[in-house]
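> Quick check, what structure comes out for this input:
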Amino acid sequence: MVYQNGNHRHIPHEHRLHKPGAWLPADHRILKHWLDHHIKHVDKVGEQELIPVLKEFEDLIENNTRIRMFFCAMWDEVPRKPPYNQSVTGQSQIRDYKHMLQVLNQVFGRAPEWTDAAAGVGLVGVPLAAIFDYASATPSGHAAFLDPEVNRMLKKILNEWGKYLTSPESASVLGDHLSGWFGEVGYKDLMECANTASGTSYKFEEMYQCDPSTPYYGFKSWDDFFTRPFVPQARPVASPENHLVVANACESRPYALCHDVRLRDKFWVKGQPYSVLDMLAHDPLSAHFAGGTVYQAFLSALSYHRWHSPVSGTIKRAYVQDGTYFSEPLFPASDGSDDPSVDATGREGEYEILQKGITASQGYLTALATRAIIFIEAEAKEIGLMVFIGVGMDEVSSCEITVKEGQRVEKGDQLGMFHFGGSTHCLLFNKDAGRKLKGFPEVGRAENVPVRAKLCAVEK
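Next comes the predicted model:
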């Protein structure tokens, strides 16, 4: 049982939130405890001088009328997602944008860590998303986190935080203390997540490349740990000589499988249909995928964060498309359906998506969030041109591509990696290939599909 998922204890309905990927705890009381802890510290020490990048953020807010309006209003509005809309007071723990900046200032000196609260132990894997959680579901927050100027500023902030996460100081959260990643709860969750996917019973040093005889298993920083490589034997490549078998690109849990996707669609509505042209940032090659197939899966905070080629072939195009960082869809009022969890298309409805927050807005994010886009011409003509899309969620400030255009890759070779935070990915196949590929894993399964394991295969 994974503690982060809340499987080991009863969580009252009003406090349980479903968070795909376990980037925030299933028990909202733990998130509230974490934020309360930082707010109490900020309130105790009083207003502090902001670090330079946050001072620049403050200047942007105060010197731009539109942005100031958004950041003033978002803390006064009540979000349309639980548990905030169920609060008697309807008030945010963060009082206003000045208070937000002070809390951000405090959090910048700490890497993501486990929190010991009265309700239990849990991980706040995306601290900035936790701070913005209330505001992101308000009308003004929705507008702010879509704003290009705000997102350019957020990119600067996240890159600055990323510098800390690559520093030796950030490794302090990797200790074996209760709130450490190698503490009792952290270690158990890490290994249960990895071993459940593959049906194994590996120790950490048998699953990942590390040195258990040294402090923090040899990891020099938080990011060094986050991007840890696996031991090759722990994740073998599926049928390496059979080019008709597609390998899983990321250690991840299936989220959606959609056929006959449109070149252009309304990705912001309930059901979040895929919009190929927007997903591929209007790339000239987008037309090849009209009517194609999209497979999407999300990565866990507890898992492996590198990407591997699903096929053998040649890299045709590879680039990172800048986008949003904390944007969530803002849906219209309910249509009065008897079942608020399902909309007319049979997919997740408004209530479920709002309850789960940004981590359940993954279809929406494929068209808007910062993402790495890699076109691969598969050696198997039956598959042809396909695309890997690594989608940054929350505070992913870097989607790093490690291959170059024109490079030959073998199935299972590394393509790149996520840094610092939440993430999801898509594989996009053309219409003809999508009709031939069979055997995809069941959407909704409880465990990850191991990276480099068989994902699907061409059926002749």
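> low-scoring stretches of the stretch 1-150 of the chain, by residue?
Where the stretch 1-150 of the chain drops to pLDDT under 70, the residues are 1-31, 78-91, 115-126.
> all helices for it, in order.
28-45, 52-63, 65-73, 97-107, 127-136, 139-146, 148-165 (DSSP state H, counting those that start in this stretch).
> by how many degrees do the third one and helix 52-63 diverge?
It refers to helix 65-73. 100 degrees (axes from the mean of the first three to the mean of the last three Cα atoms, to 10 degrees).
> Buried residues of helix 65-73, list them for me.
By 16 or more other Cβ atoms under 10 Å, the buried positions in helix 65-73 come out as 67, 70-71, 73. C-betas here are computed from N, CA, C, even on glycine.
> Going by distance to V276, which of those wins?
Nearest to V276 among the buried residues of helix 65-73: F70, at 30.4 Å, using Cβ to Cβ.
> okay, now the closest residue to the closest one other than its chain neighbours: neighbour count?
In space, and not counting its chain neighbours, F70 is closest to A144: 3.7 Å by Cβ to Cβ, 6 or more residues apart in numbering. Applying the criterion other Cβ atoms under 10 Å, we find 27 residues in the vicinity of A144.
> Looks like A144 contacts M153 (just checking).
No. Look at A144 against M153 with Cβ atoms under 8 Å: they stay out of range, at 10.5 Å.
> right, and R445 touches P254 too?
Yes. Under the criterion of Cβ under 8 Å, R445 makes contact with P254 at 6.0 Å.
> which residues of the stretch 301-450 of the chain score low on pLDDT?
331-362, 394-397, 421-422.
> in it, which spans are strands?
For the stretch 301-450 of the chain, the strands defined by DSSP state E, counting those that start in this stretch occupy 306-308, 313-321, 371-378, 385-392, 398-401, 408-409, 414-419, 423-429, 437-438.
> do the same with the stretch 151-300 of the chain
Under DSSP E, counting those that start in this stretch, the stretch 151-300 of the chain gives strands at 245-247, 253-258, 293-298.
> Any chance you could list what contacts the shortest one?
Among residues not part of strand 245-247, those counted as contacts by Cβ atoms under 8 Å, 6 or more residues apart in numbering are 237-239, 308-311, 383, 411-412, 427, 437, 452-458.
> Only whichever of those are buried, select them in ChimeraX.
Typed into ChimeraX, the next command selects the buried ones out of the contacts of strand 245-247 (criterion: 16+ other Cβ under 10 Å):
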select :237,238,308,309,310,311,383,411,412,427,437,452,453,454,455,456,457,458
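> Out of the contacts of strand 245-247, list just those in helices.
Using DSSP state H, the subset of the contacts of strand 245-247 located in helices is empty.
> how about the nearest residue to R95, chain neighbours excluded?
W75 (6.5 Å).
> hmm, I was thinking of C72
Using Cβ to Cβ, 6+ apart, the nearest residue to C72 is Y97, at 6.6 Å.
> wait, the one you found sits on A73?
No. The pair Y97 / A73 is not scored as a contact, 9.9 Å apart, by Cβ under 8 Å.
> ok so, going back, the helices of the stretch 1-150 of the chain into JSON lines, with extra columns for distance to S327?
Shown next, in JSON lines, are the helices of the stretch 1-150 of the chain (distance: least, Cβ to Cβ, whole Å):
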{"stretch": "helix 28-45", "distance to S327": "20"}
{"stretch": "helix 52-63", "distance to S327": "17"}
{"stretch": "helix 65-73", "distance to S327": "12"}
{"stretch": "helix 97-107", "distance to S327": "17"}
{"stretch": "helix 127-136", "distance to S327": "7"}
{"stretch": "helix 139-146", "distance to S327": "4"}
{"stretch": "helix 148-165", "distance to S327": "8"}
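> Just name the most buried of those.
Ranked by mean neighbour count under mean count of other Cβ atoms under 10 Å, the helices of the stretch 1-150 of the chain are led by helix 127-136, which reaches a mean of 24.
> Run the chain-centre distance for that one.
With Cα atoms, centre = their mean, to the nearest Å as the basis, helix 127-136 stands 14 Å off its chain's centre.
> from here on, count from 21
New numbering, starting at 21: the last item is helix 147-156.
> send the alpha carbons of that helix over as PDB?
Written as PDB, here are the backbone C-alpha positions of helix 147-156 (Å, rounded to 0.1, in the frame of the first residue of the first chain):
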ATOM      1  CA  PRO A 147       5.300  23.000  -3.600                       C
ATOM      2  CA  LEU A 148       4.500  25.900  -6.000                       C
ATOM      3  CA  ALA A 149       1.400  24.100  -7.300                       C
ATOM      4  CA  ALA A 150       0.400  23.700  -3.600                       C
ATOM      5  CA  ILE A 151       0.700  27.400  -3.100                       C
ATOM      6  CA  PHE A 152      -1.300  28.200  -6.200                       C
ATOM      7  CA  ASP A 153      -3.900  25.300  -5.700                       C
ATOM      8  CA  TYR A 154      -6.600  27.600  -4.300                       C
ATOM      9  CA  ALA A 155      -6.200  30.400  -6.900                       C
ATOM     10  CA  SER A 156      -5.800  28.300 -10.000                       C
END
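> So which elements touch that helix?
Here helix 147-156 touches helix 48-65, helix 117-127, helix 159-166, helix 168-185, going by 3 or more Cβ pairs under 8 Å, 6 or more residues apart in numbering; DSSP states H and E.
> Apply 7 Å and report the result again.
helix 48-65, helix 117-127 (3 or more Cβ pairs under 7 Å, 6 or more residues apart in numbering; DSSP states H and E).
> what angle separates that helix from helix 48-65?
100 degrees.
> Provide a list of residues in contact with A389.
343-344, 411-413 (Cβ atoms under 7 Å, 6 or more residues apart in numbering).
> 8 Å - rerun?
Counted by Cβ under 8 Å, 6+ apart, A389 has contacts 343-345, 347, 411-413.
> circling back to that earlier point, and R465 and P274? Which one has more around it.
The neighbour comparison of R465 against P274 (other Cβ under 10 Å) goes to P274, with 20 against 11.
> confidence score at the more buried one?
If you check P274, the pLDDT there is 93.
> Could you do the one 10 residues further on as well?
Reading off the confidence values, R284 has pLDDT 93.
> and what of the one 4 residues further on?
Model confidence at W288, expressed as pLDDT, equals 79.
> Nearest spatial neighbour of it, chain-adjacent residues omitted?
Nearest one to W288, counting by Cβ to Cβ, 6+ apart, is P349 at 5.4 Å.
> Please state the backbone phi and psi of the one you found?
Backbone torsions of P349, given as degrees, to the nearest 10, read phi -70, psi 150.
> Relative to D209, how far out is Y275?
According to Cβ to Cβ, to the nearest Å, Y275 stands 21 Å off from D209.
> Mind checking which of the two has more residues around it?
Neighbours were counted for Y275 and for D209 using other Cβ under 10 Å; D209 has more, 25 against 20.
> wouldn't the more buried one be in contact with L322 here?
Yes. At 5.4 Å, D209 and L322 qualify as touching, with contact defined as Cβ under 8 Å.
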